[in-house]
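# Everything below, folded, please.
(chains A and B)
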Amino acid sequence: QQQVKQSPQSLIVQKGGISIINCAYENTAFDYFPWYQQFPGKGPALLIAIRPDVSEKKEGRFTISFNKSAKQFSLHIMDSQPGDSATYFCAASISGGYNKLIFGAGTRLAVHP
Amino acid sequence: GAVVSQHPSWVICKSGTSVKIECRSLDFQATTMFWYRQFPKQSLMLMATSNEGSKATYEQGVEKDKFLINHASLTLSTLTVTSAHPEDSSFYICSAWDRAGGPTDTQYFGPGTRLTVL
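Residues are numbered from 1 along each chain as shown, chains lettered A, B, ... in the order given. Here you go, the predicted structure:
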């Protein structure tokens, strides 16, 4: 019940296209859902995060869609660029205190020019 | 956003030696920090939760005596890999919650430390 399932494992998108990464969770107590971007040899960087009181959050070209009833959330990268090529991790946690993040397996995105 | 630093960024050591990795929160206080390890092309695996002024909480399967964690201040946690072996070679990353860990708070990650044990 602590798992976060992420798909696809890898994704190839043409420049200018839309990249979509999906995650699903089981624990209904989760109420914090961040996405992290990681480049090789670097630590994960927070990209965007959402809480269950909203169904969508947009920051620039990045959008999180959240479906509470389906226990799913997804990351959409609009107008994908080669510089977006990285590994993306979704995660989930319970707010309050200092709870740990539960990570998905990651998605390796390659944006071809 | 908040900044978490790690030192060193990479380290090479001989088998049997101990290595210490530092994790600092630069512009906020962190009562709790987390230590992860990451193997190539894999996700982050939580090793332990580091609590300021008290013992760390280790995840199942992580050897407490091998991975010593000390959280002596609100801005510094250290991970010591004792008697390191080649299988301990990995990318070690720390993280910390900014602010009080409430509903508007965010967990930030350090840049990671690459450990290679020869």
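
# so where's chain A shaky on pLDDT?
In the predicted model, chain A carries pLDDT under 70 at residues A:1, A:96-97.

# pretty sure residue B:5 is touching residue B:23, no?
Yes: using C-beta atoms under 8 Å, residue B:5 is in contact with residue B:23, at 7.5 Å. To be clear about C-beta, it is placed using only N, CA and C from the backbone, and glycine gets the same treatment.

# Can you check which residues contact both of the two?
Common contacts of residue B:5 and residue B:23, defined by C-beta atoms under 8 Å, 6 or more residues apart in numbering or on different chains, comprise residue B:110.

# So which of these two has more stuff around it?
residue B:23 (28 against 15; other C-beta atoms under 10 Å in any protein chain shown).

# neighbours around the nearest residue to the more buried one once chain neighbours are set aside, how many?
Of all residues not flanking residue B:23 in the chain, residue B:94 sits nearest, at 3.4 Å (C-beta to C-beta, 6 or more residues apart in numbering or on different chains). For residue B:94, the count of nearby residues is 30 (other C-beta under 10 Å).

# thought residue B:94 was touching residue B:34?
Yes: using C-beta under 8 Å, residue B:94 is in contact with residue B:34, at 6.6 Å.

# Contacts only, for the nearest residue to residue B:69 once chain neighbours are set aside.
Nearest residue to residue B:69, sequence neighbours excluded (C-beta to C-beta, 6+ apart): residue B:56, at 3.9 Å. Residue B:56 sits next to B:48, B:49, B:50, B:64, B:69, B:71 when contact means C-beta under 8 Å, 6+ apart.

# you'd agree the third one is in a helix?
To tie it back to what came earlier, the one meant is residue B:50. No: per DSSP: H, G, I helix; E, B strand; the rest coil, residue B:50 lies outside any helix segment and is strand.

# Which residues are in contact with it?
B:23, B:32, B:33, B:34, B:35, B:56, B:69, B:70, B:71, B:77, B:94.

# Out of those residues, which comes closest to residue A:85?
Within these, distances to residue A:85 taken as C-beta to C-beta reach their minimum at residue B:94, with 25.4 Å.

# sorry, back to before: can you name the helix or strand that the residue nearest to residue B:23 falls in?
With elements taken from DSSP states H and E, the one containing residue B:94 is strand B:90-97.

# Strand partners (parallel or antiparallel) of that strand?
strand B:32-38 (antiparallel), strand B:107-109 (antiparallel), strand B:113-117 (antiparallel) (DSSP bridges).

# Is it possible to get CSV of those strands that adds mean pLDDT and distance to residue A:3?
Output for these, formatted as CSV (pLDDT from 0 to 100; distance: least, C-beta to C-beta, whole Å):
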stretch, mean pLDDT, distance to residue A:3
strand B:32-38, 94, 17
strand B:107-109, 89, 19
strand B:113-117, 97, 27
